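A.B. asks: Structure for the following, please:
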Amino acid sequence: MVLTAIFAMAAGTAMAGGILTQTTQSARYLRMMARDGAIGIDGVYYNPAGVAFMPRGWHFSFSGMNVYQTRTIYSGMTVRGLENTPFHMPFKMFGGDENGVKRFKGETSVPIMPSIQVARNYDKWGFQGAFGVSGGGGKCTFNEGLGSFERTVAMIPAMLYKQGLMSQTPGYSVNSYVHGQQYVFGLQLGTTYKVNDNIAVYGGMRLNYATNEYEGSITDITANIAGVDENLYAYFGDKAETMKQMGFYYRMRASEMKDPSDKAKYLAMSQTYYDNAKKFDATRGQIADKHLDCTQSGWGITPIIGVDFKYGNLNVGVKYEFKTSINMENKTKVDDTGMFKDGVNTPGDLPALLTVGAEYAVLPSLRVGLGYHLYFDKDAEMDKDKQKLLSGNSQEFLAGVEYDINKLIQVSCGYQYTHYGLGDGSYMSDMSYVLGSNSIGLGAGFQITKQTKLNVAYMYTWYNSFDKAYTQDFGNGVIADNTDHFERTNKVFGIGVEYSI
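C.D. replies: Now for the predicted structure:
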């Protein structure tokens, strides 16, 4: 029997889904979203050239965002040729529903995701700096593992059945756990130059430090044999020991034989038992507890350019971030999977990004904004050239409106639509997936003092679901038809303070 329990984790793609740019950089963004054509201190990230049109002096922004997400995968599995048997839908034996579908749920949380922007403006020149989480998806834990972990384990009862180890109550169990964490921290520096009262330009760069962590385990695999739930590691260990004892017994009997033919017969029997012991030991090794503890790190520089055009009540901002090449190096403590060899490098590029935005003051107290983002994901190298499985680049469309109730209070809301080129879903796995979404944000700004503003906002995201169907070959003619149904939720609360001197 071939019994393997494989960690299906792809280095460099982790929980965020491989398309890793993080644009949530201020509480103002959460409450309006269309910030690419706006003039404000958070423009250090969204519209850096536009910051040149802010007043002379120092400008600061400090934001903290609390992020909570869930990732839910409904995994199904049917085995060809085993119709009308308990083994046709293996997940039904351990938590699956009547259709052989089992739910695996992970929770992602970022208690405080910080973002800081600073700018110093002179008459023509300006200088900027920012720090924040420029990519990654936080951390996520699946306390019951994932379907990609469990499918091979779920095949064990059928394999035992084929070996004659039958049970009237077939079943299996496994303890499975996976935890992943991925962040890209960015330090941005840049300079603006105000060409005239209508045009400003920007040039800068962002130093990105990426860090990933993977922890996981598959332990305590059991299966029902002859009505008893057996720990298979111990079970096959006992079988191997019995075979070795029998092999020793027949070897000793061979030494007592006078007749050469009897001696040869007993030696042959002894060798058969020893050969069977090796097979049981090999099987035992395949179902032994498996653990993974690996961190990855790497860095890269993102050149950034921008231009802002201001005319009357209209402001237009354009920004381009070049592709960031990053190689992630494994630092592995434990790897029973053989997939994360210590010291190995894998690519984990951040894609180039083009943003275009406009804001128009319909009234002195009313502003509307639009924005567009294009991520060049297919040009960003990923592990095993995974980017080639995408059918197109990611796009985002944004809109927002802001209204001044009075000189002290502003209210705003915004909308963002995100589209990924997922094609037939080959890019997707339960360890690494993204989903198209619709997000809405709302909030308010409070002018606490002449120099100080407080921003409070909330954003909620509705994700489109995605269905993927594929086959899996377990060898020896055993083929399963698999399905995965992907879902997500996302909630973000943000609070920020802006201060000018």
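A.B. asks: Give me the neighbour count for P90.
C.D. replies: Close neighbours of P90, defined as other C-beta atoms under 10 Å, add up to 28. Any C-beta I mention is one placed from the backbone N, CA and C, and that applies to glycine too.
A.B. asks: Just the buried residues of stretch 26-43, please?
C.D. replies: Residues of stretch 26-43 classed as buried: 26-43 (neighbour count, 16 or more other C-beta atoms under 10 Å).
A.B. asks: my bad, stretch 98-105
C.D. replies: Neighbour-count burial for stretch 98-105 [16+ other C-beta under 10 Å]: G100, V101, K102, R103, F104.
A.B. asks: And the contacts of it?
C.D. replies: Outside of stretch 98-105, the residues within contact range by C-beta atoms under 8 Å, 6 or more residues apart in numbering are 70-78, 88-92, 94-96, 142, 144-147, 150, 430, 483, 485.
A.B. asks: Mark which of the residues you listed are part of helices, please.
C.D. replies: Counting by DSSP state H, the members of the contacts of stretch 98-105 that fall within helices are G147, E150.
A.B. asks: Selection in PyMOL covering whichever of the contacts of stretch 98-105 are buried, please.
C.D. replies: If you want just the buried ones from the contacts of stretch 98-105 in PyMOL, going by 16+ other C-beta under 10 Å, the selection is:
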select buried, resi 70+71+73+74+75+76+77+78+88+89+90+91+92+94+96+142+144+145+146+147+150+430+483+485
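A.B. asks: Redo the buried residues of stretch 98-105 as TSV? Include distance to P351.
C.D. replies: Listed next are the buried residues of stretch 98-105 as TSV, based on distance: C-beta to C-beta, whole Å:
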residue	distance to P351
G100	38
V101	34
K102	34
R103	32
F104	28
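A.B. asks: Take those and keep only those in strands.
C.D. replies: Here DSSP state E is the test, and those give V101, K102, R103, F104 as lying in strands.
A.B. asks: The last one pairs with what?
C.D. replies: With DSSP bridges as the criterion, F104 is bridged to I73.
A.B. asks: wait, doesn't T141 sit right on S176?
C.D. replies: No. Between T141 and S176 there is no contact under C-beta atoms under 8 Å: 11.9 Å.
A.B. asks: longest helix of the chain?
C.D. replies: Longest helix in the chain by number of residues (criterion: DSSP H): helix 260-286.
A.B. asks: Packing partners of it?
C.D. replies: helix 232-256 (3 or more C-beta pairs under 8 Å, 6 or more residues apart in numbering; DSSP states H and E).
A.B. asks: buried stuff in the helix it packs on?
C.D. replies: Neighbour-count burial for helix 232-256 flags 232-233, 235-237, 239-240, 243-244, 246-247, 250-251, 253-254 (criterion: 16+ other C-beta under 10 Å).
A.B. asks: quick one: which helix or strand includes G106?
C.D. replies: Using DSSP states H and E, G106 maps to strand 101-121.
A.B. asks: list the buried ones in that strand?
C.D. replies: Result for strand 101-121 [16+ other C-beta under 10 Å]: buried residues 101-104, 106, 108, 110, 113, 115-119, 121.
A.B. asks: tell me the mean pLDDT over that strand?
C.D. replies: For strand 101-121, mean pLDDT rounds to 91.
A.B. asks: Low-confidence stretches in the stretch 251-400 of the chain?
C.D. replies: Nowhere does the stretch 251-400 of the chain drop to pLDDT under 70.
A.B. asks: likewise the stretch 401-501 of the chain?
C.D. replies: In the stretch 401-501 of the chain, no residues with pLDDT under 70.
A.B. asks: Sounds good, over and out.
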